[in-house]
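In: structural data only, the sequence is not supplied:
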Ligand SMILES: [Zn+2]
């Protein structure tokens with residue numbers, strides 16, 4: 001996957017859609033989806049979590065949530081708390097990393113962080129499984 005496609009997979013909330021179970025073609029309960037998700041940013045449909053509650057995201061006023069004067073807003077904090085507790089992943093930390101180091105460095109960091117030791121593919125953040133070699 002090239003850099004542009006990988007950049008496209010970083011959602012406004014800081015989620016790397018390339019590590020999402022939906023992107024690998026499954027639902028949270030483990031059922032196979034009809035179509036794998038192509039990621040929040042590349043889909044025309046509003047983001048599953050924040051976009052529907054946020055006018056700035058809906059109208060493409062901000063690309064990433066850290067660009068917002070309300071960052072981190074209550075909606076993002078609620079989501080962040082859920083992800084930190086359930087999956088050991090802080091979206092706010094991701095966003096702060098991007099803000100500080102830029103998207104290129106973040107992509108590198110993500111690649112190392114979620115890399116499958118066996119095949120080099122990305123591991124799923126939701127169940128820590130590698131769908132590339134499993
Ligand atoms: Zn693997």
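Out: Received, thanks. These numbers come from a predicted model, not from an experiment. Residues are numbered from 1 along each chain as shown.
In: contact residues of the chain facing the ion?
Out: Taking CB under 5 Å from the ion as the contact definition, the chain meets the ion at 116, 118-119, 121, 130, 132-133. Yep, even glycine has a C-beta here, placed from its N, CA and C like the rest.
In: next step: those residues restricted to helices.
Out: Among these, none falls in helices (DSSP state H).
In: would you mark the buried spots in stretch 2-11?
Out: Within stretch 2-11, the residues scored as buried using 16 or more other CB atoms under 10 Å are 6, 8-11.
In: hmm, who's touching that stretch?
Out: Contacting residues not belonging to stretch 2-11 are listed as 16-18, 23, 39-42, 47, 64, 98, 103-104, 106-107 [CB atoms under 8 Å, 6 or more residues apart in numbering].
In: and of the residues you listed, the nearest to residue 83?
Out: The closest of the contacts of stretch 2-11 to residue 83 turns out to be residue 16 (CB to CB; 11.3 Å).
In: please name the nearest non-neighbouring residue to the residue nearest the centre of the chain.
Out: When CA atoms, centre = their mean is applied to the chain, the residue found nearest the centroid is residue 15 (2.0 Å). Spatially, and ignoring its direct neighbours in sequence, residue 15 is nearest to residue 91 (5.9 Å; CB to CB, 6 or more residues apart in numbering).
In: now the contacts of stretch 2-11: which count as buried?
Out: Buried members of those, scored by 16+ other CB under 10 Å, are 16-18, 23, 39-41, 47, 64, 98, 103, 106-107.
In: among these, which are located in strands?
Out: Among these, no residue falls in strands (DSSP state E).
In: now do the same end-to-end measure for stretch 64-75.
Out: With CA to CA, to the nearest Å applied, stretch 64-75 spans 14 Å between its terminal residues.
In: which residue packs closest to residue 103, ignoring adjacent ones?
Out: residue 7 is the one closest to residue 103 (CB to CB, 6+ apart), at 5.6 Å.
In: element containing that neighbour?
Out: helix 3-8 (DSSP states H and E).
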